[in-house]
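>>> okay, sequence plus prediction incoming.
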Amino acid sequence: MTYTFARDRSEYDVFLYRMGQVVDPGSRLPAWPFCSKQGQVDLCEYNEFSDDDFTEALEALARVHGDERISLVVVDPDPEEYHIRSLGHFPSFSVPTTDIRSSYWDAVSYEPHDDPGAAVLYADAFAIFGESGTWSVWGQRDWEVVVVHAEDSVRPWREHTDIFLPPEVAVERFIQPELGGSKWSREETDLFVSWMSDPQAR
């Protein structure tokens, strides 16, 4: 086992500080969740974040940016109420880049206190980032998307996979604002597409 969860409050606070350098944990889609308003995004379906293709893309992201480790922090459900007070568990972990393929799945599927619902796999919102602070990932279950943000024009993590889609395609495929009963309006999804596509609109 090479992944490491925060073991105490001081370690957890370090995770939170580093996360706050790249994403706004209080933000929620369709708003722009990243601190930097520049760069490009790649989107995939929410459920992909635990699959092999995404794991390989995550490793590529870390390697391209020179990161020796990546970290993940659960943002929702509320860490203080659900994880720390109820479970005594700090919902954040790090994995060495060299071990992402072998350990990332074990980390996201880990069940603290044998509670399946507390596994990262079932989180409603999370952030992933590297030590470099030059890229980050935002996942939000109620939008059914994971957003990868980086300022690179060349994005090798997209190679050898078809999981990443343009914002407008992701909206139609995963969010489906025109579908009866959808919780998101066309106005909200149009705003989402604009912010995801155009740095000037952010």
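The structure has been received and is ready for your questions.

>>> mind listing what the closest residue to residue 155 other than its chain neighbours touches?
Counting by CB to CB, 6 or more residues apart in numbering, residue 155 lies nearest to residue 42, which is 6.6 Å off, once chain neighbours are set aside. Yep, even glycine has a C-beta here, placed from its N, CA and C like the rest. Taking CB atoms under 8 Å, 6 or more residues apart in numbering as the criterion, residue 42 is in contact with 147-148, 155, 157-158, 164.

>>> and for residue 47?
So residue 47 contacts residue 144 (CB under 8 Å, 6+ apart).

>>> do you know how far it is from residue 167?
Relative to residue 167, residue 47 is positioned 18 Å away (CB to CB, to the nearest Å).

>>> need phi/psi at the residue nearest to residue 155.
Here is the backbone geometry of residue 42 (degrees, to the nearest 10): phi -130, psi 130.

>>> the one 3 residues further on too?
Geometry field for residue 45 lists phi and psi as phi -70, psi 140, criterion degrees, to the nearest 10.

>>> hmm, it is touching residue 147, no?
No: contact criterion CB atoms under 8 Å: residue 45 and residue 147 do not qualify, at 11.4 Å.

>>> neighbour count winner among the two?
Remark: of residue 45 and residue 147, residue 147 carries more neighbours, 23 against 17, as counted by other CB atoms under 10 Å.

>>> now the more buried one: phi and psi?
Dihedral angles for residue 147 - degrees, to the nearest 10 - are phi -110, psi 120.

>>> got the contact list for it?
Taking CB under 8 Å, 6+ apart as the test, what residue 147 contacts is 29, 33, 41-43, 137-139, 196.

>>> sheet partners, orientation included, of the longest strand seen in the chain?
If you go by DSSP state E, the chain has its longest strand at strand 69-76. When pairing is defined by DSSP bridges, strand 69-76 lines up against strand 92-96 (antiparallel), strand 125-130 (antiparallel).
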